[in-house]
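Enquirer: Okay, sequence plus prediction incoming.
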Amino acid sequence: MDKNLWDKCVKFHGHECPGLAIGFKACEAANEKLGISFSKDEEIVCITENDACGVDAIQVITGCTMGKGNLIYRGTGKHAFTFFRRDTGEKLRIVFKPDNSGKDMSREERQQAILASPVEELFEFKNPSFDLPERARIFNTLICSKCGEGAPEHKMRLMEGKPVCLDCFDEYSRGW
């Protein structure tokens with residue numbers, strides 16, 4: 001284990017925990033299986049299926065961030081991370097095995113067990129059921145006719161013929 005890299009993750013996250021260890025080991029697996037390292041732009045894309053502690057390790061180690069558009073949240077709640085390499089087209093979904101939860105261990109013991117385990121024991125490796133997302137796009141900003149705040153055009157709606165942001169939009173649905 002790269003202690004300096006772990007310390008960098010802990011510093012970014014704010015504390016040590018089993019969740020951070022899961023993300024740390026997922027990055028180790030991505031490096032072993034796909035040769036993934038740090039992404040300066042969008043060379044690597046990660047789709048995270050959770051918004052838990054491990055995502056901070058993903059950001060530190062891979063350089064995938066929301067701001068660059070190469071860290072995408074897909075809220076299934078699973079400890080699953082899908083990595084894509086734009087240069088080779090390779091992709092891999094890395095899923096934490098539920099039997100590694102260590103419910104009978106202390107938090108510290110669980111963290112140490114995760115960090116010490118081989119990635120093959122911790123994760124299942126699968127082909128993702130979804131494709132590589134397109135590169136991040138920059139959209140025109142429209143001004144909401146109700147609150148006066150700007151938002152990208154793809155996040156605006158029309159209400160009574162005028163553009164409104166999602167906060168001001170009155171959703172209408174009659175079933176499905």
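Expert: Okay, I see it. Residues are numbered from 1 along each chain as shown.

Enquirer: Now do the helices in the chain.
Expert: Counting by DSSP state H, the chain has helices at residues 3-13, 18-34, 54-62, 107-116, 119-122.

Enquirer: Looking at the ones you listed, which is nearest to Phe81?
Expert: Ranking the helices of the chain by distance to Phe81, with CB to CB as the measure, places helix 18-34 first at 4.8 Å. Using the backbone N, CA and C atoms, a C-beta is placed for each residue, glycine as well.

Enquirer: picking up where we left off before, reformat the helices of the chain as a markdown table; add mean pLDDT and mean neighbour count.
Expert: Output for these, formatted as a markdown table (pLDDT from 0 to 100; neighbours: other CB atoms under 10 Å):
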| stretch | mean pLDDT | mean neighbour count |
| --- | --- | --- |
| helix 3-13 | 97 | 14 |
| helix 18-34 | 97 | 23 |
| helix 54-62 | 97 | 24 |
| helix 107-116 | 94 | 16 |
| helix 119-122 | 96 | 16 |
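
Enquirer: what's the pLDDT at the residue nearest the centre of the chain?
Expert: Geometric centre of the chain, nearest residue: Thr48, 3.0 Å, by CA atoms, centre = their mean. With respect to pLDDT, Thr48 scores 98.

Enquirer: ok so, going back, let me have the helices of the chain in JSON lines, extended by distance to Pro98.
Expert: Rendered in JSON lines, the data for the helices of the chain read as follows (distance: least, CB to CB, whole Å):
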{"stretch": "helix 3-13", "distance to Pro98": "23"}
{"stretch": "helix 18-34", "distance to Pro98": "12"}
{"stretch": "helix 54-62", "distance to Pro98": "15"}
{"stretch": "helix 107-116", "distance to Pro98": "13"}
{"stretch": "helix 119-122", "distance to Pro98": "11"}
